[in-house]
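Undergrad: Sequence first, then the predicted structure:
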Amino acid sequence: MSNACFFGKSVTENSLRMIREAGFSICEVFFDAPMEYDEAFFPILREVVGDMKVHSIHGMSSQFEPQLFSISARQKAAAMDVFINTLAQGRRLGAKYYVMHGPMLNGGSMKNIAYARIAPIIADIARVCKEEGLLLAWENVSWCLFNRPEFIGGIREYADHPDLYFTLDIKQAARTGADPFDFLEAMGDRCVNVHLCDFSRAENGVTLGLPGRRSFDFARLFATLEGKGYTGPAIVEVYSDAYDNYEELFQSARELTML
């Protein structure tokens, strides 16, 4: 489970403690504020994580990730400093992957997010991750540049970095109107992380919910992942307005293990 499920309801350290005490053995750490990237905050994180395995970390992307792609060298350098601090915190926690949103979609900046310009930056970010002890797992996000399955082929055509991997996010795929399985197919053997959320579609759009509470076929997802040889975890990551109480959240996650 990711502590992102508690965003706005509980601070990071308390959320991670609840996840551990609820019996989960694997987590994703979602950092909420810059103070949490600092080495001084590590003892707090280490204590609450306990014996859980930290599979991945996830920065509060809007705080620095868009600036990694800036045309301003000064802005980019400042963002890189924050990024490296974030990776260092992940390394201390024993995380294997850094989950990245990447550039946000802004209508006036389309000329700056072409494949030819973005791909070398992505390759450089993947390199920095590797040097800092983690691997890059770029996540599909409805409001960011990577929001459609075919984008993967386009970016890999320009810079097929061997250490570029992907995170499949079910809710974000649904919000784009795409089939999550199309994203999974495009990711191929580079999918190393999966974010679980349920959803149902209607004429007025997509309604998100706790796993097993809407209509997404999780049994098919798990079978597909197994068929592709996927060995990583499937991490529950829902919006905090998807549930009324914590036990409801934890119970929906436990029920997934019975599929």
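TA: Yep, that arrived.
Undergrad: which intervals of this structure have sub-threshold pLDDT?
TA: 107-112 (pLDDT under 70).
Undergrad: Tell me which stretches of it form helices.
TA: With DSSP state H as the criterion, the chain has helices at 12-21, 42-49, 73-93, 115-131, 150-158, 170-176, 180-187, 218-227, 246-256.
Undergrad: Which stretch among the ones you listed is buried most, on average?
TA: Among these, the stretch with the highest mean neighbour count (mean count of other CB atoms under 10 Å) is helix 170-176, at a mean of 23. The way it works is simple: take the backbone N, C-alpha and C, and place the C-beta from them, glycine included.
Undergrad: how many other residues sit next to Ser29?
TA: Check again: residue 29 is Val, not Ser. For Val29, the neighbour count with other CB atoms under 10 Å is 28.
Undergrad: Could you export the helices of the chain as a markdown table, including distance to Asn193?
TA: Output for the helices of the chain, formatted as a markdown table (distance: least, CB to CB, whole Å):
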| stretch | distance to Asn193 |
| --- | --- |
| helix 12-21 | 16 |
| helix 42-49 | 17 |
| helix 73-93 | 13 |
| helix 115-131 | 13 |
| helix 150-158 | 15 |
| helix 170-176 | 12 |
| helix 180-187 | 10 |
| helix 218-227 | 11 |
| helix 246-256 | 16 |
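Undergrad: Among those, single out whichever gets nearest to Gly212.
TA: Each of these has some distance to Gly212 by CB to CB; the shortest is helix 246-256, at 5.2 Å.
Undergrad: from the middle of its chain, how far away would the closest one be?
TA: Here helix 246-256 is found 20 Å from its chain centre; the criterion is CA atoms, centre = their mean, to the nearest Å.
Undergrad: now the angle between helix 12-21 and it, please.
TA: Relative orientation of helix 246-256 versus helix 12-21 (axes from the mean of the first three to the mean of the last three CA atoms, to 10 degrees): 50 degrees.
Undergrad: Mind listing residues that contact helix 246-256?
TA: Residues from elsewhere that reach helix 246-256 (CB atoms under 8 Å, 6 or more residues apart in numbering): 1, 5, 18, 22, 24, 196, 210-213, 218, 234, 236, 238, 242-243.
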